[in-house]
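**Student:** Sequence first, then the predicted structure:
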Amino acid sequence: MPPEKEKKTALVAAVEILARRLVSTHELRSKLAAKKLYSPGEIEDAVLAVKRMGALHDDFLAEDVARSYKSRGYGPARIRMALRKRGIPAEIIEQVLNGNDEEENTAAEPGESGRSEDADGAVAVLHHKAAQFRREPDPRKRKAKAVRCLVGRGFSYEDAIAAADRWMREEGEGTDDE
């Protein structure tokens with residue numbers, strides 16, 4: 001008869017979880033609790049031990065997730081939602097999103113808004129999906145589809161309108177649909 005397996009400690013389970021994938025503090029607690037093998041005290045001790053080891057950083061995870069979503073063409077609202085879903089604290093979310101805005105403000109030319117990187121990202125999404133929008137012959141409907149696309153990706157309505165106008169000018173179309 002094989003010897004009985006010893007029960008893993010919460011700390012060992014936490015390290016194994018973190019070895020597979022970077023997770024937030026909230027996600028780690030949830031994953032350990034879902035196993036139903038550890039008491040809340042054991043879970044909290046394991047989380048604190050992992051933090052002391054330097055293996056659990058919500059701020060690094062938030063920056064990584066935000067950078068990943070931004071590179072895939074998502075706007076601030078969608079990034080905020082993804083970070084909330086991962087259990088990142090609100091102050092870290094705002095720090096990551098506003099920290100990016102402060103960097104953009106220092107990089108922006110005088111007279112430009114500090115959200116130029118968001119606007120550039122929105123226009124890049126529209127250029128990527130240009131063939132899909134060109135199928136619509138009516139410029140007003142084309143602009144409306146572009147705006148809906150951007151709002152759905154997490155850009156504010158105002159940013160989406162501005163990006164659609166800019167995209168249509170770059171495409172050689174007027175935006176005199178007022």
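**Tutor:** Cool, the structure landed.
**Student:** Name the surrounding residues that touch stretch 54-65.
**Tutor:** 15, 18, 22-25, 28, 47, 50, 79, 82-83, 86, 88-89, 92-93, 95-96 (CB atoms under 8 Å, 6 or more residues apart in numbering). Every residue, glycine included, has its C-beta placed from N, CA and C.
**Student:** Repeat that for stretch 20-37.
**Tutor:** So stretch 20-37 is contacted by 7-8, 10, 13-14, 17-18, 38, 40, 43-44, 46-47, 50-51, 56, 58, 60-61, 64, 86-88 (CB under 8 Å, 6+ apart).
**Student:** Using ChimeraX, define a selection of the buried residues within the contacts of stretch 54-65.
**Tutor:** Buried members of those, defined by 16 or more other CB atoms under 10 Å, are picked up in ChimeraX with:
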select :15,18,23,24,25,28,47,50,79,82,83,86,88,89,92,93,95,96
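**Student:** where does this protein have low pLDDT?
**Tutor:** Along the chain, the parts satisfying pLDDT under 70 run over 1-7, 100-116, 174-178.
**Student:** From the centroid of it, which residue is nearest?
**Tutor:** Centroid-nearest residue in the chain: residue 79, 2.9 Å away (criterion: CA atoms, centre = their mean).
**Student:** ok, that one - contacts?
**Tutor:** Taking CB under 8 Å, 6+ apart, one finds 65-66, 69-70, 97, 154 in contact with residue 79.
**Student:** And the residues you listed, which two are furthest apart?
**Tutor:** 65 and 154 (12.9 Å; CB to CB).
**Student:** Pull out the buried residues from the contacts of stretch 20-37.
**Tutor:** Among the contacts of stretch 20-37, the ones that count as buried (16+ other CB under 10 Å) are 10, 13-14, 17-18, 38, 43, 46-47, 50, 56, 58, 61, 86-88.
**Student:** Can you list which of the residues you listed are found in strands?
**Tutor:** In strands, judged by DSSP state E, none of the buried ones among the contacts of stretch 20-37 are found.
**Student:** sec struct for the residue lying closest to residue 150 once chain neighbours are set aside, please.
**Tutor:** Nearest non-adjacent residue to residue 150, counting by CB to CB, 6 or more residues apart in numbering: residue 160, 3.7 Å away. Secondary structure of residue 160, reduced to three states by DSSP: H, G, I helix; E, B strand; the rest coil: helix.
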